[in-house]
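Chemist: generate coordinates for the sequence data below:
(chains A and B)
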Number of protein chains: 2
Amino acid sequence: MSVILGIDPGSVKTGFGIINYVSGKAEYVTSGVIRLRESEDLPARLRVIYDSVTQLVELHCPQEVAVEQVFMAKSAGSALKLGQARGAAVVACVTQDLPVAEYSARQIKQSVVGTGAAEKEQVQHMVKVLLKLPAAPAEDAADALAAALCHAHMRQSMINMAGARSVRRRRIR
Amino acid sequence: MSVILGIDPGSVKTGFGIINYVSGKAEYVTSGVIRLRESEDLPARLRVIYDSVTQLVELHCPQEVAVEQVFMAKSAGSALKLGQARGAAVVACVTQDLPVAEYSARQIKQSVVGTGAAEKEQVQHMVKVLLKLPAAPAEDAADALAAALCHAHMRQSMINMAGARSVRRRRIR
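Modeler: Predicted structure coming up:
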């Protein structure tokens, strides 16, 4: 069993999603969006992200964290804001000794939808299907759940590969 | 008396500088550079920044923090990295309930050198002169000390302005 926290950081809205991955099956635990007041200054907003992620970790005790690795941004200015939000979220996890895995948006879409070029709506739809939810989660929450699912799939394929290798080794002997 | 921590965040090198501001005079306390291993992944580097700044705060008990506000970056990619480093440093301060003031590079240069378009060497030289140091500090440490000095000057001029206002009020009465 592995509880995975997915985070989709943003300077205005930071999505989060927690899944429980048991014997190759993903169960939904919780998800939501940390909304930040644009009227507040950046240090205050970063504290809200840090405190909220810390609370999530204390409440749900995830063992691993998956965060979307952002390479592209509209401008250097928005990249700086986004980077700071991401830094606050990542620091909240690493200071609680949680391993943080980073995945590109392309890897996450590939893993959840089957194509790296999937649209936002397709991600929301597949998250709903894979986690057997009554409705599609909000965009940022869906992205965070997709990051957690991507991490679960990556771990599973590594376990499968390790299993295949040990079978092969046994055959050779 | 006011102990001010200045921070010049970076994803490879983060400068810090602490000054003690007593009755309009700045005294040097300490400064240095937090060097990050480029071989380490980003979450690990962000943890080093967070832990180092937390240690500095615990050791020197600053009451206020000044951080350079970065608007410009070479690319969106480098802005994202820089933003995350900045986020980790700011979060380390706000989680210890320290007020964080942000100043643009232009404001800091204006305050320390007298011109917003000053060169790096001029900043290093003026930091050496203002803090009566035997030699100019390293670039990143000098920038951090300059941020702290800028904050001290800003506070002083606000106090002077408040003083002038109360004198004027007394005269009117």
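Chemist: which residues touch the nearest residue to A:Asp140 once chain neighbours are set aside?
Modeler: In space, A:Asp140 comes closest to A:Gly15 once its chain neighbours are excluded; the distance is 3.0 Å by C-beta to C-beta, 6 or more residues apart in numbering or on different chains. Quick note: C-beta positions are derived from backbone N, CA and C, even for glycine. Taking C-beta atoms under 8 Å, 6 or more residues apart in numbering or on different chains, we find A:Gly15 in contact with A:7-8, A:31-34, A:138-144.
Chemist: so how far is A:Val113 from A:Gly77?
Modeler: Distance of A:Gly77 to A:Val113, computed by C-beta to C-beta, to the nearest Å: 30 Å.
Chemist: what do you get for A:Leu82?
Modeler: 23 Å.
Chemist: so where do the strands sit in chain A?
Modeler: A:2-8, A:13-22, A:25-35, A:64-69, A:100-104 (DSSP state E).
Chemist: can you say which of those strands is packed in most?
Modeler: Per residue and on average, the most neighbours among the strands of chain A fall to strand A:2-8, with a mean of 25 (mean count of other C-beta atoms under 10 Å in any protein chain shown).
Chemist: what's the angle between it and strand A:64-69?
Modeler: Interaxial angle of strand A:2-8 relative to strand A:64-69 (axes from the mean of the first three to the mean of the last three C-alpha atoms, to 10 degrees): 20 degrees.
Chemist: correct me, but A:Val67 touches A:Arg86?
Modeler: Yes - between A:Val67 and A:Arg86 a contact is recorded at 7.0 Å, counting by C-beta atoms under 8 Å.
Chemist: rewinding a little: counting neighbours, go ahead and name the busier of A:Leu82 and A:Val113.
Modeler: A:Leu82 (23 against 18; other C-beta atoms under 10 Å in any protein chain shown).
Chemist: confidence score at the more buried one?
Modeler: Looking at A:Leu82, its pLDDT is 90.
Chemist: I'd assumed A:Gly10 was in contact with it.
Modeler: Yes - using C-beta under 8 Å, A:Leu82 makes contact with A:Gly10 at a distance of 6.4 Å.
Chemist: how about CSV for the strands of chain A, with mean pLDDT and distance to A:Gln156 added?
Modeler: Shown next, in CSV, are those (pLDDT from 0 to 100; distance: least, C-beta to C-beta, whole Å):
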stretch, mean pLDDT, distance to A:Gln156
strand A:2-8, 96, 10
strand A:13-22, 96, 8
strand A:25-35, 96, 10
strand A:64-69, 93, 13
strand A:100-104, 94, 13
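Chemist: out of those, nearest to B:Ala118?
Modeler: Proximity to B:Ala118 (C-beta to C-beta) singles out strand A:64-69 among the strands of chain A, at 36.3 Å.
Chemist: which other helices and strands does the closest one contact?
Modeler: Here strand A:64-69 touches strand A:2-8, helix A:76-94, strand A:100-104, helix A:105-112, helix A:139-172, going by 3 or more C-beta pairs under 8 Å, 6 or more residues apart in numbering or on different chains; DSSP states H and E.
Chemist: pretty sure A:Gly116 sits against A:Tyr103.
Modeler: No - judged on C-beta under 8 Å, A:Gly116 makes no contact with A:Tyr103 at a distance of 11.2 Å.
Chemist: name the residues of chain A found near chain B, please.
Modeler: Residues of chain A lying near chain B by C-beta under 8 Å from any C-beta of the partner chain: A:41-44, A:46-47, A:50-51, A:70-88, A:90-95, A:100, A:102.
Chemist: quick check on those residues: which are buried?
Modeler: Buried by 16 or more other C-beta atoms under 10 Å in any protein chain shown: A:42-43, A:46-47, A:50-51, A:70, A:73, A:76-88, A:90-95, A:100, A:102, out of these.
Chemist: how near is the residue positioned nearest the centre of chain A to A:Arg37?
Modeler: The C-alpha lying nearest the average C-alpha coordinate of chain A belongs to A:Gly6 (C-alpha atoms, centre = their mean; 2.3 Å). Per C-beta to C-beta, A:Gly6 is found 24 Å from A:Arg37.
Chemist: cool, A:Asp8 as well?
Modeler: A:Asp8 is 19 Å from A:Arg37, by C-beta to C-beta.
Chemist: that older thread, pull up the overlap in contacts between A:Val67 and A:Arg86.
Modeler: Residues within reach of A:Val67 and of A:Arg86 at once, by C-beta under 8 Å, 6+ apart, are A:Pro9.
Chemist: do I have it right that A:Glu27 meets A:Leu145?
Modeler: No - contact criterion C-beta under 8 Å: A:Glu27 and A:Leu145 do not qualify, at 11.4 Å.
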